[in-house]
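# test case, fold it:
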Amino acid sequence: MSNPALIGRNYENSLRTKLKTVFTGISKTAGFGTGPDIQIPSNKTPGQLLLVEAKTSTGADFGQKAITFDGSSWVPKYDGSEPQAIVNLYNYLYNKHNIDAEIKKSWALPSNNLTPTDLKNVIENDNLSRVLYYEKLLKQATGTTNPFPQTTIVSGKQVVSNIISYYNTKGIYYLQIKGSGLYILGSDKLKLNSKLGISIPRFNPSSANLVVRGKPSLSNKTFRPTLTLKCGQIPGSNYTLEDINFIKQLHQKL
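Model (predicted):
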């Protein structure tokens, strides 16, 4: 099984290595954390940072929130570290799209022998045997081995706005996608286009999806149910942090 998080971290590290050949003081990447993946210090304004989110493809996750079962409903799972704006965004998505009801349609209990309390224990218990027990029941009922099959809740341009809001609330206004290039998330906060005399395109995919799915946790050997923002296709950018010449141009003007 491939590990998307590890693949993503390797991509971040490759960008960081290339940036360090031109910029000094490049900080560590976020890796498995929740902060910006790339932090590029301004060459002209001390203390100013260009914060960039890095993705390995347009098929990557663009913002996600763990969800859990509280005994009667599916709810967002917060650990207290999230910015209030992120909490507000996911609470808004839950209420607007009636997420609990949609999940119950897709993730109905596969057997009368598995009660809501059992399901809660499966979700919150890291014991692999409990998860495999639920997988076995679901496979008998539906033929699938993923205990939390992916379901699209809503699609459209409004979800693109949700993706942009997700990153803007974290102070991130720029996005690097492997093989596609660099994009502006909403507002060109640091006025890169003006400073460099170029036209970095805005992040504007054809569509985006809000989905619920099971996400494998290799460390805990479980499936963690998540509410995830997924991106549609997007035209390529002419500017990329994979290009050393663009990095040098950025260094001169930033």
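# low pLDDT regions in the protein?
Low-confidence segments of the chain, defined by pLDDT under 70: 1-3, 28-34, 108-114, 119, 122-134, 138, 147, 216-224.
# tell me where it has helices.
Along the chain, the segments classed as helices by DSSP state H run 4-20, 84-96, 99-106, 116-124, 128-142, 157-168, 192-196, 244-253.
# for the last one, buried residues please.
The one in question is helix 244-253. Within helix 244-253, the residues that count as buried by 16 or more other Cβ atoms under 10 Å are 246-247, 249-251. No exception for glycine: its C-beta is placed from N, CA and C like everyone else's.
# stretch 40-56 now?
For stretch 40-56, the neighbour count (16+ other Cβ under 10 Å) marks 40-42, 49-56 as buried.
# biggest separation within these, which pair?
Within the buried residues of stretch 40-56, S42 and T56 form the most distant pair, 26.4 Å apart (Cβ to Cβ).
# restricting to C-alpha, output stretch 235-252 in PDB.
Only the C-alpha atoms of stretch 235-252 are listed here, as PDB (Å, rounded to 0.1, in the frame of the first residue of the first chain):
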ATOM      1  CA  PRO A 235      -5.000  24.100 -16.300                       C
ATOM      2  CA  GLY A 236      -1.200  24.100 -15.900                       C
ATOM      3  CA  SER A 237       0.700  27.100 -14.600                       C
ATOM      4  CA  ASN A 238       3.700  28.500 -16.400                       C
ATOM      5  CA  TYR A 239       5.500  29.100 -13.100                       C
ATOM      6  CA  THR A 240       6.700  26.400 -10.700                       C
ATOM      7  CA  LEU A 241       8.900  26.000  -7.600                       C
ATOM      8  CA  GLU A 242      10.400  23.000  -9.500                       C
ATOM      9  CA  ASP A 243      12.100  25.400 -11.900                       C
ATOM     10  CA  ILE A 244      15.500  26.800 -10.600                       C
ATOM     11  CA  ASN A 245      15.200  29.800 -12.900                       C
ATOM     12  CA  PHE A 246      11.900  30.800 -11.500                       C
ATOM     13  CA  ILE A 247      13.300  30.300  -7.900                       C
ATOM     14  CA  LYS A 248      16.100  32.700  -8.800                       C
ATOM     15  CA  GLN A 249      13.600  35.300 -10.200                       C
ATOM     16  CA  LEU A 250      11.600  34.900  -7.000                       C
ATOM     17  CA  HIS A 251      14.700  35.500  -4.900                       C
ATOM     18  CA  GLN A 252      15.600  38.700  -6.800                       C
END
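# now that stretch: how far from the chain's centre is it?
In terms of Cα atoms, centre = their mean, to the nearest Å, the centre of stretch 235-252 is set 23 Å apart from its chain centre.
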